[in-house]
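Chemist: build me a model from this:
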Amino acid sequence: MQALRLREDGVMRHSLRFEDYKTLAFERRGRVLTITINRPESYNSVNADLHDELSTVFTDAADDADSDVIVLTGAGKAFCAGGDMDWFQSMVDNPRRFERIGPHAKRIVYSLIDLEKPIICRLNGPAAGLGASIALLCDMIIASSRASIGDPHVKMGLVAGDGGAVIWAQLVGYARAKEYLLTGRMMPAAEMERIGLVNAVVPPEELDARVYALADELAAGARQAIRWTKTVTNIPLRDLAGQVMDACMGYEMMSNLSRDHQEAISAFREKRPPIFTGE
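Modeler: Below is the predicted model of the structure:
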């Protein structure tokens, strides 16, 4: 839902209220807009509704006239636990559903890169799969010492196609990126800080103070200078996304049809290790 607002320069702008979102929550603190992934009952795992809303929210945040800085976080104990198993199974049962999410997955990546406003990830807990990608595509990450991060697509028999191949190597280099992408291991907070994957790791009780001190500093800065500095810094990253995202989604779509992917879903539900056959 939108309301018109008259800017000081006399131009009418849309002020977005975000009332129609179901899986995301919003809170304003001055010129800082906090977006919370809000499925705590499932550790903020991604289902069809959340995936759809992630594909639009960063564009809506860009157009929001009442904010200059965005904070992205998760409700409850997790930031985002990756894909919901029922959602995964629905796309195995009906592969046409996976075809539909391809454009949305690209939109999530591009809208984060194109968002001129600085976005800070408040990494309150585990971030996996797409959750890791959206965290790492933020401009800065302040992490709780209880947080962890990883892209376990391969452990689910899937190609890491929804952003992992774009961002990991840019932050930690190809050797470390491939180690974590090809094993699907989760990285603890101490290791994230050691290799420079995040800006800072703090005790959980200090997370809000550290995040919002940074957000307030940015909100008090020169708006255009900050936004356009981010814009030019992200040009190579956007070029890279343009080079690889179609292939990423194509390969991930093919891996959705594999027996190994179905085996990973079944093993997760049955609480046993998967037995992969390479098919």
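Chemist: for this protein, what's the longest helix?
Modeler: In the chain, taking DSSP state H as the definition, the longest helix is helix 235-256.
Chemist: and that one, what other elements does it pack with?
Modeler: Contact here means 3 or more Cβ pairs under 8 Å, 6 or more residues apart in numbering; DSSP states H and E; on that basis helix 235-256 packs against helix 96-114, helix 164-172. In short, each C-beta sits where N, CA and C put it, glycine included.
Chemist: pull the distance from the helix or strand just after the first one to the chain's centre.
Modeler: When you say that, I think you mean helix 96-114. Counting by DSSP states H and E, the next helix or strand C-terminal to helix 96-114 is strand 119-123. Counting by Cα atoms, centre = their mean, to the nearest Å, strand 119-123 is centred 10 Å from the centre of its parent chain.
Chemist: what does stretch 97-114 give?
Modeler: 11 Å.
Chemist: got the contact list for that stretch?
Modeler: Stretch 97-114 is contacted from outside by 48, 51-52, 54-59, 62, 90-91, 119, 130, 133-134, 137-138, 161-163, 166, 234, 237-238, 241, 245-246, 249-250, 253, 256, using Cβ atoms under 8 Å, 6 or more residues apart in numbering.
Chemist: got phi/psi on residue 74?
Modeler: Note on residue 74: its backbone torsions stand at phi -120, psi 150 [degrees, to the nearest 10].
Chemist: got a pLDDT number for the residue nearest the centre of the chain?
Modeler: Nearest to the geometric centre of the chain sits residue 134, at 1.6 Å (Cα atoms, centre = their mean). For residue 134, the model assigns a pLDDT of 98.
Chemist: any idea how far residue 96 is from it?
Modeler: Separation of residue 134 from residue 96 (Cβ to Cβ, to the nearest Å): 25 Å.
Chemist: can you show me the helices along the stretch 1-150 of the chain?
Modeler: Secondary structure of the stretch 1-150 of the chain (DSSP state H, counting those that start in this stretch): helices at 48-63, 85-93, 96-114, 130-136.
Chemist: let me know which of those helices is tucked in deepest.
Modeler: The highest mean neighbour count among the helices of the stretch 1-150 of the chain, using mean count of other Cβ atoms under 10 Å, belongs to helix 130-136: a mean of 27.
Chemist: tally of neighbours for residue 196?
Modeler: 11 (other Cβ atoms under 10 Å).
Chemist: numbering from 18 from now on, please.
Modeler: Got it, the first residue is 18 from now on, which makes the last one we talked about residue 213.
Chemist: so it makes contact with residue 189?
Modeler: Yes: using Cβ atoms under 8 Å, residue 213 is in contact with residue 189, at 6.8 Å.
Chemist: quick one: which helix or strand includes residue 278?
Modeler: Taking DSSP H and E as the definition, residue 278 sits inside helix 276-287.
Chemist: okay, now residue 245: neighbour count?
Modeler: 12.
Chemist: ok, back up a step: quick check: mean pLDDT across the longest helix of the chain?
Modeler: Mean pLDDT, helix 252-273: 95.
Chemist: buried residues in that helix?
Modeler: The neighbour-count check on helix 252-273 (16 or more other Cβ atoms under 10 Å) flags 254, 257, 258, 262, 265, 266, 269, 270, 272, 273 as buried.
Chemist: my read: the fifth one touches residue 184, true?
Modeler: No: with contact defined as Cβ under 8 Å, residue 265 does not count as touching residue 184 (11.4 Å).
Chemist: for residue 97, give the beta-bridge partners.
Modeler: Assessed by DSSP bridges, residue 97 has beta-bridge partners residue 144.
Chemist: ok, how many other residues are close to it?
Modeler: Number of residues near residue 97 (other Cβ under 10 Å) recorded here: 28.
Chemist: give the contact list for it.
Modeler: Applying Cβ under 8 Å, 6+ apart, the residues near residue 97 are 54, 60-63, 91, 144-149, 151-152.
Chemist: so can I have CSV of the helices and strands packed on helix 252-273 showing distance to residue 281 and mean pLDDT?
Modeler: Shown next, in CSV, are the helices and strands packed on helix 252-273 (distance: least, Cβ to Cβ, whole Å; pLDDT from 0 to 100):
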stretch, distance to residue 281, mean pLDDT
helix 113-131, 15, 93
helix 181-189, 16, 95
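Chemist: I am finished for the moment; much appreciated.
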